[in-house]
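Asker: below: sequence and its predicted model.
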Amino acid sequence: MKSWTTKELAYVRKNALLAETNEVINSEQLAKKLGRTVSAVMKKVSQMRKDGQLPPIKREMAFESNGRPWTTTEEKRLIAMHKQGASYVEIGETLGRSKGSCSNKVSKLQAAGKIKKKRVEQWTNEQVQVLLDNVTFDPNGYVSNYMELSRVTGKQYAQVVHKVNNLRKEGKIGTRPIEGTTSIKAKESMQKFNDARFAQYERKEDVKLERPMQEKRVNVGSLSIESKEERVIHTVVAFAGVETHTYFSSDGTKIAEIQKEPTPVPASVSHTKNN
């Protein structure tokens, strides 16, 4: 076996490409340049880690499938939403991650003791019967009283939704949603939300603005830049410690959405009043 020279070791230290976990990802190129086998290079790299010549592997820094590692802030949001009974889909939409990514992260946090595993409570025959006796549907076939079912069965909202789906599969609930329709209650809730959101910005088609909107256009060769002054509606929705700031145009068109945590007020800061 050919011994490694000081020059070869220096070359590896200088040219080894490290992934986010500190794993060497260009072993083949190093082997070709040094005239050695890939296995020989990988073995030497492992030895160099033990000797402190290369950084140790940190698998906890591995990227998720969507290309970014989990931050401490994201973990806190996930834990908070999970405790409140949010689904993986809802958590994923809030954090900009996939359902599978959130599910896997919860499993890892449970293994680390950061999230307590939920005890699976079986439905009793009496609870199932209470659900079947009290469930109601809207004209499109969607359940219209999940909150009431949660109250009378003593189960969480998400548990009731899951049980209804299972009872449909078992044929114990024959009423099914009409394909191509949506829940009437959900549509009404969304309409109420939109009405409340835009209530203070009631459109008045026949009333002229006191001051005309400012509009500018600049043309430089093939480049055209247009800017105009418009009214913007700013809404803030706070959930699980996260504020979602959404901006709409005056006609209700969504312009942008930004998520951020509320800025805490330092305990040491005191307010004084000048006389």
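Answerer: That came in fine, so what should we check first?
Asker: wait, a strand at Asn22?
Answerer: No - counting by DSSP: H, G, I helix; E, B strand; the rest coil, Asn22 is not part of a strand but coil.
Asker: where does the stretch 1-150 of the chain have low pLDDT?
Answerer: 1, 20, 59-68, 85, 118-120 (pLDDT under 70).
Asker: where do the helices of it begin and end?
Answerer: 6-15, 27-34, 38-50, 72-83, 88-95, 99-111, 125-134, 146-153 (DSSP state H, counting those that start in this stretch).
Asker: state the distance from the closest residue to Lys116 other than its chain neighbours to Asn104.
Answerer: Leaving aside its chain neighbours, Lys116 sits nearest to Gln110 (7.5 Å; criterion: CB to CB, 6 or more residues apart in numbering). C-beta here means a position set from N, CA and C on the backbone, and glycine is covered the same way. Distance from Gln110 to Asn104, counting by CB to CB, to the nearest Å: 11 Å.
Asker: in the helix or strand hosting Gln159, what's buried?
Answerer: For Gln159, the host element (DSSP states H and E) is helix 157-169. By neighbour count with 16 or more other CB atoms under 10 Å, helix 157-169 contains the buried residues 159-161, 163-164, 167.
Asker: kindly report the same for stretch 53-60.
Answerer: 54, 57.
Asker: how about residues contacting it?
Answerer: Residues outside stretch 53-60 that contact it (CB atoms under 8 Å, 6 or more residues apart in numbering): 9, 12-13, 16, 18, 21-24, 45, 48-49.
Asker: list only buried entries from the residues you listed.
Answerer: 12, 16, 21, 23-24, 45, 48-49.
Asker: pipe those into JSON lines and attach distance to Leu95 per row.
Answerer: Below are the buried ones among the contacts of stretch 53-60 laid out as JSON lines (distance: CB to CB, whole Å):
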{"residue": "Val12", "distance to Leu95": "38"}
{"residue": "Ala16", "distance to Leu95": "33"}
{"residue": "Thr21", "distance to Leu95": "22"}
{"residue": "Glu23", "distance to Leu95": "26"}
{"residue": "Val24", "distance to Leu95": "31"}
{"residue": "Val45", "distance to Leu95": "35"}
{"residue": "Met48", "distance to Leu95": "37"}
{"residue": "Arg49", "distance to Leu95": "33"}
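Asker: nearest spatial neighbour of Ser183, chain-adjacent residues omitted?
Answerer: Ser183 sits nearest to Tyr142 (CB to CB, 6+ apart), 3.9 Å away.
Asker: His245 - that's part of a strand, no?
Answerer: Yes - His245 sits within a strand when classified using three-state DSSP.
Asker: and the closest residue to it other than its chain neighbours, which of the three is it?
Answerer: Of all residues not flanking His245 in the chain, Ile258 sits nearest, at 4.7 Å (CB to CB, 6+ apart). Put simply, Ile258 is strand when judged by three-state DSSP.
Asker: Ile258 contacts Val236, doesn't it?
Answerer: No - judged on CB atoms under 8 Å, Ile258 makes no contact with Val236 at a distance of 10.0 Å.
Asker: overlap in contacts of those two?
Answerer: By CB under 8 Å, 6+ apart, the residues touching both Ile258 and Val236 are 244-246.
Asker: which among these count as buried?
Answerer: Buried among those by 16+ other CB under 10 Å: Thr246.
Asker: remind me what the helix holding Gln159 packs against, helices and strands.
Answerer: helix 125-134, helix 146-153 (3 or more CB pairs under 8 Å, 6 or more residues apart in numbering; DSSP states H and E).
Asker: just the angle for it relative to helix 88-95, thanks.
Answerer: 130 degrees (axes from the mean of the first three to the mean of the last three CA atoms, to 10 degrees).
Asker: returning to what we had before: burial count for the residue nearest to His245?
Answerer: Look at Ile258: counted by other CB atoms under 10 Å, it has 9 neighbours.
Asker: and if you look at Ser150?
Answerer: Counted with other CB under 10 Å, Ser150 comes out at 17.
Asker: related to what we said a few turns ago, measure the residue nearest to Ser183 to Leu95 for me?
Answerer: 27 Å.
Asker: good, wrapping up.
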